[in-house]
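Q: here is my input; please provide its structure:
(one chain, ligands or ions: 3)
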Amino acid sequence: MNLILLGPPGAGKGTQARMLGEAHDLVQLSTGDMLRAAVDAGTKVGKQAKVTMEAGKLVSDDIVIGIISERIDEPDCSTGFILDGFPRTVAQAEALDELLVQKNKKLDVVFEIRVDDERLIKRITGRFTCANCGEGYHEEFRRPEQDGICDKCSGTEFSRRKDDNEETVRSRLTAYHTQTVPLIGYYGNSSRLKSVDGMLEIDSVFKQIEVALTEL
Ligand code: ADP
Ligand code: ADP
Ligand code: ZN
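A: Ligands and ions are numbered 1, 2, ... in the order given. The predicted model follows:
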């Protein structure tokens, strides 16, 4: 099974992708995580992407399409993957459709996670992750069971993203509304799209997705 999680920054794509990945043995492919790794490693792609990401703008289509094309050829993707944060423009979606045809794979479903802008700001400014295993947390909505200790790996170091400040979030939201929202029409027209209410709590959002998957 191959699926896409579509939604604005802070909608819960990463959170749901991790849960779905565990439940269905699917690989989570986050272009944001891959780009941040490239920036940290100082690769050519990382150097090109850094300033754009810090400004809350979208990295060029060519760069992200190249990254995804290589990644889905890896053997671990053969049983299925979850695209988290890709595609983000119609050009990326078109390129993905072509890639999948070439690679003899298909897209089963696209989930659009819907959340109001004001809630997104709160989600993003309170977000932090375990520096060891990447588990996602929130100051208010998803604290570790024991303060300062990761539920998943017992790690004690946490990190925050540089672009998770209110000013950059506003520009990321603008990018979402202008460049990514057209994808809802793109996938809606081909009836691959299912919308879920992302305003509910994490487990309820997960249940909606699970129910929709059983109906496929
Ligand atoms: P969020 O989880 O808040 O939606 P991501 O981690 O997916 O954010 O992305 C962080 C940044 O990485 C984006 O603001 C953008 O600069 C870049 N990025 C990630 N995925 C893409 C993509 N598919 N196309 C262009 N830029 C991307
Ligand atoms: P995205 O990958 O779409 O940018 P994340 O999965 O990183 O979003 O979630 C953003 C923040 O909101 C994280 O701190 C996460 O713990 C929290 N969060 C995710 N889903 C929910 C939810 N349904 N209700 C409350 N908080 C949530
Ligand atoms: Zn951890």
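
Q: and the strands in the chain?
A: Applying DSSP state E to the chain gives strands spanning 2-6, 27-30, 81-84, 109-114, 127-130, 136-138, 158-159, 193-197.

Q: run the chain-centre distance for the third one.
A: Its chain's average C-alpha position is 7 Å from that of strand 81-84, according to Cα atoms, centre = their mean, to the nearest Å.

Q: so what secondary structure elements neighbour it?
A: strand 2-6, helix 13-24, strand 27-30, helix 31-41 (3 or more Cβ pairs under 8 Å, 6 or more residues apart in numbering; DSSP states H and E). C-beta: built from backbone N, CA, C; applies to glycine.

Q: what's the average pLDDT for the third one?
A: By that I understand strand 27-30. Taken as a whole, strand 27-30 carries a mean pLDDT of 97.

Q: and what of the second one?
A: The predicted model gives helix 13-24 an average pLDDT of 97.

Q: please apply the same query to stretch 158-167.
A: Here the average pLDDT along stretch 158-167 is 94.

Q: list the contacts for the most centrally placed residue in the chain?
A: In the chain, the centroid-proximal residue (Cα atoms, centre = their mean) is residue 84; its distance is 2.9 Å. Residue 84 makes contact with 5, 13, 14, 17, 28, 29, 30, 31, 32 under the criterion Cβ atoms under 8 Å, 6 or more residues apart in numbering.

Q: what is the burial count for the residue lying closest to residue 115 once chain neighbours are set aside?
A: Leaving aside its chain neighbours, residue 115 sits nearest to residue 198 (4.2 Å; criterion: Cβ to Cβ, 6 or more residues apart in numbering). A count of nearby residues for residue 198, using other Cβ atoms under 10 Å, gives 26.

Q: what do you get for the one 4 residues further on?
A: Residues lying near residue 202 (other Cβ under 10 Å) number 16.

Q: then residue 95?
A: When counting by other Cβ under 10 Å, one arrives at 19 neighbours for residue 95.

Q: my read is that it contacts residue 65, right?
A: Yes - counting by Cβ atoms under 8 Å, residue 95 does reach residue 65; the two are 4.6 Å apart.

Q: residue 55 - how many residues pack around it?
A: For residue 55, the tally of surrounding residues (other Cβ under 10 Å) stands at 14.

Q: what do you get for residue 79?
A: 12.
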